[in-house]
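Asks: Take a look and give me a structure for this.
(chains A and B)
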Amino acid sequence: MATKVFTWLDERLGLSSIYNLVFDRKVPKVNWWFTLGSASLFLFVMQGITGMFLAVYYVPDPQKAYASIQFIMDGVTFGWLIRGIHHWGATLMVIFVFVHMLRTFFMGAYKFPREITWVTGVILLLATLGMGFTGYLLPWNQRAYWATTVGTAIAGTVPVLGDFILRVLRGGTDLSAVTLARFFAVHIWFLPIIIISLIGVHFYLVIRLGISSQPKKDEE
Amino acid sequence: MADSHEVERRDFVNIVLVGLGSLMGLIIGIPAIAYLLSPAVKVQVEEAWIPLGPLDSYPIDTPTLFPYTRTKVNGWEKTVNSFGAYVWRYGEGESEVSVYSNMCTHLSCRVTWQEDRTIYFCPCHDGRFNKEGEVVAGPPPEPLYEFETKVEEGILSVMHMEV
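Replies: Reported below is the predicted structural model:
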């Protein structure tokens, strides 16, 4: 019965050809360093899911943000776990994406024909850092407030445009309710949509071009 | 080995994968569901004995208002609600006391005791109740809510309930 249902669906959706294309790809001899991309994807999915759950109780307003997180930690069953995964997953994701970039760089895997994979990867790394920066403000505690004060002030040191950039980041001259709301919007809508789209391109290219083998020593 | 009943390597891997996958799904899924449901299943205790002070401090036969507040906590939000209890001693004894809520049974406006007319008067729709809390005139469908009372060591308390 199950086989029949599967065959019926497969004839219409082409499931097995997708499976073959994605999972039965030919790969060169690889090692654990080649799993960092999958690990990054897994972490991104985890961040997305736990983030959705946190959004159920979190309120991006200076009056309520801190109290709503206190409620998640103490009042909601397993709230500490969901927030803990999101908190530590964020740090892990930055590390994994960064090491993934290092691996690509040191193995020369960015070369022809994979330049666009590399470029989308770099943007994905920057977007991941952006997620870290915007997410850091959301708990609205002392550390979040002052970290963002300093972070936006650093952006403000850019010659000529600095003051304008600082105002755009903060939504005015001061770190305020406007800052919190826009950081929240960027954190849950703008950056995730950019990341999802670029992961799509990144993946398409990995599947289309295959992955490069490890560089060998020159044979003299 | 073709006829062997032993588990094939491929099947073994599949079984282990499905088993571990289900276990991980449960470990993550159960907290996730509990997380979403928790405010729905948590019951706030809304009943409580409210001390109204020494019974002796209330005059005999004159309903006297005791106002009090109750704080409700919903997530990160606190709401303070005001309530009022009319203490009516119809005798000297400890058991000879009735306490009525000042909430009109019509649309929850607050009633006030008017000594000259000997009625509880609701200003919203001219509802009137007598000293026993029974409806005398106007739209209220029920008599005033009467609290459960107790007197311990001379202190009068009422059982607060959210209606």
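
Asks: what's downstream of the worst-scoring helix or strand of chain A on mean pLDDT, the next helix or strand?
Replies: When each helix and strand of chain A is scored by mean pLDDT, DSSP states H and E, helix A:15-23 comes last, with a mean of 91. Sequence order places helix A:36-55 as the next helix or strand after helix A:15-23, per DSSP states H and E.

Asks: What's the mean pLDDT across that next one?
Replies: Helix A:36-55 carries an average pLDDT of 96.

Asks: for stretch A:177-192, same thing?
Replies: 97.

Asks: CA atoms only: put the least confident helix or strand of chain A into CSV for me.
Replies: Extracted in CSV, the C-alpha atoms of helix A:15-23 (Å, rounded to 0.1, in the frame of the first residue of the first chain):
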residue,chain,number,x,y,z
LEU,A,15,10.4,12.6,-5.7
SER,A,16,13.0,10.0,-6.5
SER,A,17,14.7,12.1,-9.1
ILE,A,18,14.9,14.9,-6.6
TYR,A,19,16.3,12.5,-4.0
ASN,A,20,18.9,11.2,-6.5
LEU,A,21,19.9,14.7,-7.5
VAL,A,22,20.3,15.9,-4.0
PHE,A,23,21.6,12.9,-2.0
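
Asks: by contact count, what packs against it?
Replies: When contacts are defined as 3 or more CB pairs under 8 Å, 6 or more residues apart in numbering or on different chains; DSSP states H and E, helix A:15-23 packs onto helix A:2-13. Yep, even glycine has a C-beta here, placed from its N, CA and C like the rest.

Asks: The residue positioned nearest the centre of chain A sits in which helix or strand?
Replies: Chain A has A:Thr128 as the residue nearest its centroid, 4.4 Å off, counting by CA atoms, centre = their mean. Using DSSP H and E, A:Thr128 sits within helix A:115-137.

Asks: Going by contacts, tell me the helices and strands next to the longest helix anywhere in chain A.
Replies: Determined from DSSP state H, the single longest helix within chain A is helix A:79-106. Secondary-structure packing of helix A:79-106 (3+ CB pairs under 8 Å, 6+ apart): helix A:36-55, helix A:115-137, helix B:9-41.

Asks: Redo the ones you listed as JSON lines? Include distance to B:Pro59.
Replies: Shown next, in JSON lines, are the helices and strands packed on helix A:79-106 (distance: least, CB to CB, whole Å):
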{"stretch": "helix A:36-55", "distance to B:Pro59": "56"}
{"stretch": "helix A:115-137", "distance to B:Pro59": "59"}
{"stretch": "helix B:9-41", "distance to B:Pro59": "45"}
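
Asks: Stretch A:48-64: end-to-end distance?
Replies: End-to-end span of stretch A:48-64 (CA to CA, to the nearest Å): 23 Å.

Asks: And the contacts of the least confident helix or strand of chain A?
Replies: A:6, A:9-10, A:207 (CB atoms under 8 Å, 6 or more residues apart in numbering or on different chains).

Asks: quick check: angle from it to helix A:2-13?
Replies: 80 degrees (axes from the mean of the first three to the mean of the last three CA atoms, to 10 degrees).

Asks: By neighbours, which of the contacts of helix A:15-23 wins?
Replies: The most crowded member of those, judged by other CB atoms under 10 Å in any protein chain shown, is A:Asp10 (15 neighbours).

Asks: and the closest residue in space to it that isn't next to it in sequence, how many neighbours does it have?
Replies: Closest residue to A:Asp10 apart from its sequence neighbours, by CB to CB, 6 or more residues apart in numbering or on different chains: A:Ser16 at 5.4 Å. Using other CB under 10 Å, the number of residues around A:Ser16 comes to 14.

Asks: Around chain B, pick out the residues from chain A.
Replies: Counting by CB under 8 Å from any CB of the partner chain, the residues of chain A close to chain B are A:53, A:56-57, A:59, A:64, A:67-68, A:70-71, A:75-79, A:81-82.

Asks: Tell me the helix or strand right after the longest strand along chain B.
Replies: Criterion DSSP state E: the longest strand present in chain B is strand B:77-89. Once the chain leaves strand B:77-89, the next helix or strand it forms, by DSSP H and E, is strand B:97-101.

Asks: hmm, who's touching that following strand?
Replies: Counting by CB under 8 Å, 6+ apart, B:52, B:55, B:58, B:63, B:83-90, B:120, B:132-133, B:144-147, B:149, B:151, B:156, B:158 sit against strand B:97-101.

Asks: Mind checking which of these are buried?
Replies: The neighbour count (16 or more other CB atoms under 10 Å in any protein chain shown) marks B:52, B:55, B:58, B:63, B:83, B:85-89, B:120, B:133, B:144, B:147, B:149, B:156, B:158 as buried among the contacts of strand B:97-101.

Asks: I'd say A:Thr104 and A:Tyr110 touch.
Replies: Yes - counting by CB atoms under 8 Å, A:Thr104 touches A:Tyr110, with 5.6 Å between them.

Asks: any common contacting residues for those two?
Replies: A:Trp118.

Asks: more crowded one of those two?
Replies: For A:Thr104 versus A:Tyr110, the count of surrounding residues by other CB under 10 Å is larger for A:Thr104: 21 against 17.

Asks: Let me see the contact set for the more buried one.
Replies: Contacts for A:Thr104 (CB under 8 Å, 6+ apart) come out as A:110, A:118, A:121.

Asks: Would you check how far apart the first one and chain B are?
Replies: The one in question is A:Tyr110. Taking CB to the nearest CB, to the nearest Å as the measure, A:Tyr110 and chain B are separated by 33 Å.

Asks: Tell me how many other residues crowd B:Tyr100.
Replies: That count, for B:Tyr100 with other CB under 10 Å as the rule, works out to 24.
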